[in-house]
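Trainee: Okay, here's the prediction I keep looking at, along with the sequence it came from:
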Amino acid sequence: MKKVYIIDDDSQIVEILTQFVEMLGFEVMSYTSAVKFFVDYPEDERNITIMLDLNMPEMDGIEVIRQLAERGSHASLLLISGYDTSVLHSAEKLAHAHNLKIINSLTKPISFSLLESIFDEIGRSEEPQFVDRGEVHLPLQLSEFRDALVQNQLTLHYQPQVNIQTRALVGVEALVRWQHPQRGLVFPNHIIPMAEEFGLMGDLTAQVINKAVNQSYQWQQMGLNIPVSVNISAENITSLTFPEQLTDLLKRSQFDPSMLTLEVTESELMGDLKTSLDILTRLRMKGVDLSIDDFGTGYSSLSQLHRIPFTELKIDRSFVMDMSGDGDAMAIVKTCIMLGHELKMKIVAEGVESEHVLNQLNELGCDIAQGYYIARPMSADKLVKWIKVWEEEQLQGVATGSA
Ligand code: C2E
Ligand code: MG
Ligand code: MG
């Protein structure tokens, strides 16, 4: 039987849609929260249909689209919105940009006759619904995650960041991975929502910072000076003791705070601004750098940006990835670079996937690039080898005049 996932925060709508779609002969999985959906969603499901409400409080439909794209999802989407059609249109554009298939977009109240004809079409398509690669598909459990923290199953992968003009390595971003004994490597899009739901983000961040600091210290012992960036979460910037805990750790590890950058996403600043301002200012005073991550996707106002002592602005990868073919994305990238420079911040473009984009960013005066074109995130060991190869390539490039 073909599978349909329904995600809408309105439980009444979910109930009505579930009954209706089941009546049409589909197997339905329904969720009133996108976070729960991602905890359940199996990695390798193909050609499934997701009915997705765009307007949800916890994780909205746009975020869901982004996460699906990051997982290389093959799902077809049926978008639903209570907003006007322009919002649906933008969401469609975004989904297309991420190579996701949109079956249709519906405004509320939903027309059931239209829905019936859409599902009739879906029912007739012959493609297989599920590719089973023999992996375990059970939802991740709290006990497993606790084990992961205790048994040291979390590891970090590091993604290089290079100076756009000189192509020299200027740092790495540490990205968490979970080496699960049965399921293999689990990515942050599963780990983070789960840690948040179970209230374990504080523990996760502490482990990540610890590992990143130790690793950077080990690189220093090898003669490699590699500053490291770590993502922190909303929970950290509401914990008033976080700055002291961090400085204790840095002192214990004899680690120079200026070698550490903490990345905070715009959306995490949405909570209690006074507390986060207090904590972020104290962190900055203790000498760590602060970066505003995924810039352009959240809602931070100019005054917020100005008040919090950020040293770096990371332009969200969705804009960088689209900038060569999409005039709007290009305008956003340009504006972020100008704004960040006016506020004396370094600008990092993430999601650089081609030489062409790297050159365009260079012309726009962007400082630092991170992305698959330069390198994918990799283990600490691989990074050391990668640096050698990269540096040789740059030298050869200079020698032949092509860098
Ligand atoms: P982020 O901080 O924006 O990290 C960059 C993400 O973009 C990484 O995904 C990276 O693999 C991906 N990426 C880098 N270059 C490219 C590119 O050229 N093209 C594309 N398509 N993607 C690229 P990853 O590792 O799956 O992490 C996803 C997000 O999970 C991170 O986004 C960050 O917000 C969060 N995260 C990762 N590790 C941690 C952690 O230790 N703590 C917290 N709180 N969040 C974390
Ligand atoms: Mg980041
Ligand atoms: Mg980012």
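Mentor: Yes, it's here. Ligands and ions are numbered 1, 2, ... in the order given.
Trainee: in the stretch 301-403 of the chain, which spans are strands?
Mentor: 312-315, 346-350, 368-370 (DSSP state E, counting those that start in this stretch).
Trainee: With the chain instead?
Mentor: Shown for the chain, the strands assigned by DSSP state E span residues 3-7, 27-31, 46-53, 74-81, 101-107, 154-163, 169-180, 184-186, 228-231, 260-265, 289-295, 312-315, 346-350, 368-370.
Trainee: Please determine how far Tyr372 is located from Leu156.
Mentor: To Leu156, Tyr372 is 18 Å away according to Cβ to Cβ, to the nearest Å. The way it works is simple: take the backbone N, C-alpha and C, and place the C-beta from them, glycine included.
Trainee: Quick one: name the residues of the stretch 151-300 of the chain near ligand 1.
Mentor: 159, 175-176, 187-188, 192, 205, 208, 231-233, 263, 293-294 (Cβ under 6 Å from any ligand atom).
Trainee: How many residues are close by the closest residue to Phe37 other than its chain neighbours?
Mentor: Among residues not flanking Phe37 along the chain, Tyr31 sits closest, at 4.2 Å (Cβ to Cβ, 6 or more residues apart in numbering). Counted with other Cβ atoms under 10 Å, residues neighbouring Tyr31 total 20.
Trainee: now swap in Glu22 and tell me
Mentor: 14.
Trainee: remind me which residues of the chain are low pLDDT?
Mentor: 1, 42-47, 84-86, 125-139, 299-300, 398-403 (pLDDT under 70).
Trainee: Now do the domain split for it, please.
Mentor: The domain map for the chain lists 3-124, 142-402, with the assignment taken from automatic domain parsing.
Trainee: Which of those domains sits closest to ligand 2?
Mentor: domain 142-402 (4.2 Å; Cβ to the ion).
Trainee: Please see if that closest one touches ligand 3.
Mentor: Yes - counting by Cβ under 5 Å from the ion, ligand 3 has neighbours in domain 142-402: Asp293, Asp294.
Trainee: Can you name the residues that contact Thr241?
Mentor: With contact set as Cβ atoms under 8 Å, 6 or more residues apart in numbering, Thr241 has no partners.
Trainee: any idea what sits nearest Trp178, other than its immediate chain neighbours?
Mentor: Distance criterion Cβ to Cβ, 6+ apart; nearest residue to Trp178, sequence neighbours excluded, is Val186 at 4.0 Å.
Trainee: can you count the residues close to that neighbour?
Mentor: Quick note: Val186 (other Cβ under 10 Å) scores 21 neighbours.
Trainee: How about Gln161?
Mentor: Using other Cβ under 10 Å, Gln161 has 29 other residues around it.
Trainee: and it, what are its bridge partners?
Mentor: On the basis of DSSP bridges, Gln161 is bridged to Gly171.
Trainee: May I have the residues that are in contact with it?
Mentor: Applying Cβ under 8 Å, 6+ apart, we find Gln161 in contact with Leu169, Val170, Gly171, Val172, Glu173, Ser229, Val348, Ile368, Ala369, Gln370, Ile374.
Trainee: Top of the residues you listed by number of neighbours, please.
Mentor: Neighbour-wise, the contacts of Gln161 (other Cβ under 10 Å) top out at Val348, 29 neighbours.
Trainee: Who are the contact partners of the closest residue to Cys336 other than its chain neighbours?
Mentor: Nearest residue to Cys336, sequence neighbours excluded (Cβ to Cβ, 6+ apart): Ile315, at 4.7 Å. The contact partners of Ile315, taken as Cβ under 8 Å, 6+ apart, are Phe295, Gly296, Ile332, Val333, Cys336, Ile337, Ile347, Val348, Ala349, Glu350, Cys366.
Trainee: can you put the residues you listed in TSV and add distance to Phe255?
Mentor: TSV is the format used below for the contacts of Ile315 (distance: Cβ to Cβ, whole Å):
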residue	distance to Phe255
Phe295	27
Gly296	31
Ile332	35
Val333	33
Cys336	30
Ile337	31
Ile347	26
Val348	22
Ala349	27
Glu350	24
Cys366	28
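Trainee: Looking at these, which is nearest ligand 1?
Mentor: Glu350 (5.6 Å; Cβ to the nearest ligand atom).
Trainee: My guess is the closest one contacts Ile374. True?
Mentor: No - Glu350 is beyond contact range of Ile374, at 10.5 Å (criterion: Cβ atoms under 8 Å).
Trainee: Among the contacts of Gln161, which pair sits farthest apart?
Mentor: By the measure Cβ to Cβ, Ser229 and Ile374 form the most distant pair in the contacts of Gln161, at 14.7 Å.
Trainee: Let's have the strands of the stretch 301-403 of the chain in TSV, adding distance to Glu197.
Mentor: Putting the strands of the stretch 301-403 of the chain into TSV (distance: least, Cβ to Cβ, whole Å) gives the following:
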stretch	distance to Glu197
strand 312-315	26
strand 346-350	26
strand 368-370	28
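Trainee: closest to Leu361 out of those strands?
Mentor: Using Cβ to Cβ, the nearest of the strands of the stretch 301-403 of the chain to Leu361 is strand 346-350, at 5.1 Å.
Trainee: how about that closest one as CSV, C-alpha atoms only?
Mentor: Extracted C-alpha coordinates of strand 346-350, given in CSV (Å, rounded to 0.1, in the frame of the first residue of the first chain):
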residue,chain,number,x,y,z
LYS,A,346,34.1,38.6,8.9
ILE,A,347,31.8,37.1,6.3
VAL,A,348,31.6,33.3,5.7
ALA,A,349,29.7,31.9,2.8
GLU,A,350,28.6,28.3,3.4
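Trainee: Check whether it comes near ligand 2.
Mentor: No - against ligand 2, strand 346-350 shows no contacts by Cβ under 5 Å from the ion, the least distance being 7.3 Å.
Trainee: Direction included, what does that strand pair up with?
Mentor: Counting by DSSP bridges, strand 346-350 is paired with strand 312-315 (parallel), strand 368-370 (parallel).
Trainee: Any chance of these in a markdown table with distance to Tyr41 as columns?
Mentor: Formatted as a markdown table, the strands paired with strand 346-350 follow (distance: least, Cβ to Cβ, whole Å):
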| stretch | distance to Tyr41 |
| --- | --- |
| strand 312-315 | 27 |
| strand 368-370 | 27 |
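Trainee: Which positions in stretch 290-303 come out as buried?
Mentor: Within stretch 290-303, the residues that count as buried by 16 or more other Cβ atoms under 10 Å are Leu290, Ser291, Ile292, Asp293, Asp294, Phe295, Gly296, Thr297, Gly298, Ser300.
Trainee: Done for today, thanks.
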